[in-house]
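# predicted model and sequence follow; I will ask about them next.
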Amino acid sequence: MTKAVTAKKSSARDADVPSPSKMIDGRIKELGDWRGETLKRIRALIKEADPEIVEEWKWRGVPVWEHDGIICTGETYKAVVKLTVAKGAALDDPAGLFNSSLDGNVRRAIDIREGEKINEKALKALIRAAVELNASKAKKPAKRSA
């Protein structure tokens, strides 16, 4: 038995909506200061750590990077660029990158302030670990109820 597959019709409105990557490009340009440069560098490091990462634009303007689920978000505030790792509490952080949202059971964040140097090697290792964690959860078979 075959299932009929229907393609979602694109409307003229869909054609006018920029891709998530273009939206992130726009945010970086719009910021035009150290926060834009920091977000740009973080984005590059995330892509270096996982070339298969998927960029999304969610929650009315938050860059999101996904691979088998959300890896992290890149929020910009007046005084910090916040990289929130969705399952950060489950990851080892030997370099001590996490410095925010430390009391939660799931997420952890890295607040980067103007002039702070990013430990690029440690950040890429953290992103790769988050990708591996998501991939391990995605491959588990669904639990069956008795």
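The structure has been received and is ready for your questions. Numbers count the residues shown, from 1 in each chain.

# this structure: helices as residue ranges?
12-16, 20-31, 34-49, 120-139 (DSSP state H).

# how far out from the middle of the chain is stretch 19-28?
Offset of stretch 19-28 from its chain centre (C-alpha atoms, centre = their mean, to the nearest Å): 13 Å.

# quick one: mean pLDDT over that stretch.
Averaging pLDDT along stretch 19-28 gives 93.

# can you list the residues that contact that stretch?
With contact meaning C-beta atoms under 8 Å, 6 or more residues apart in numbering, stretch 19-28 is reached by 18, 36, 39-40, 43, 55-57, 61, 63-64, 74, 76. In short, each C-beta sits where N, CA and C put it, glycine included.

# how does it look with 10 Å?
Stretch 19-28 is contacted from outside by 17-18, 35-41, 43, 54-58, 61-66, 74, 76, using C-beta atoms under 10 Å, 6 or more residues apart in numbering.

# over to stretch 32-40?
Residues contacting stretch 32-40 (C-beta under 10 Å, 6+ apart): 24-25, 27-31, 63, 74-81, 83, 112-116, 118.

# wait, which of the helices of the chain is closest to Leu97?
helix 120-139 (5.6 Å; C-beta to C-beta).

# and the closest one, what does it pack onto?
Judged by 3 or more C-beta pairs under 10 Å, 6 or more residues apart in numbering; DSSP states H and E, helix 120-139 is in contact with helix 34-49, strand 62-66, strand 70-76, strand 80-85, strand 108-113.

# can you give me the buried ones in it?
For helix 120-139, the neighbour count (16 or more other C-beta atoms under 10 Å) marks 123-127, 129-131, 133-134 as buried.

# what does that helix contact?
Counting by C-beta under 10 Å, 6+ apart, 41-42, 44-50, 52-53, 65-72, 83, 85-88, 90-98, 108, 110, 112, 119 sit against helix 120-139.

# among those residues, which ones are buried?
Judged by 16+ other C-beta under 10 Å, buried ones among the contacts of helix 120-139: 41-42, 45-46, 49-50, 53, 65-68, 70-72, 83, 85-88, 91, 93, 97-98, 108, 110, 112.
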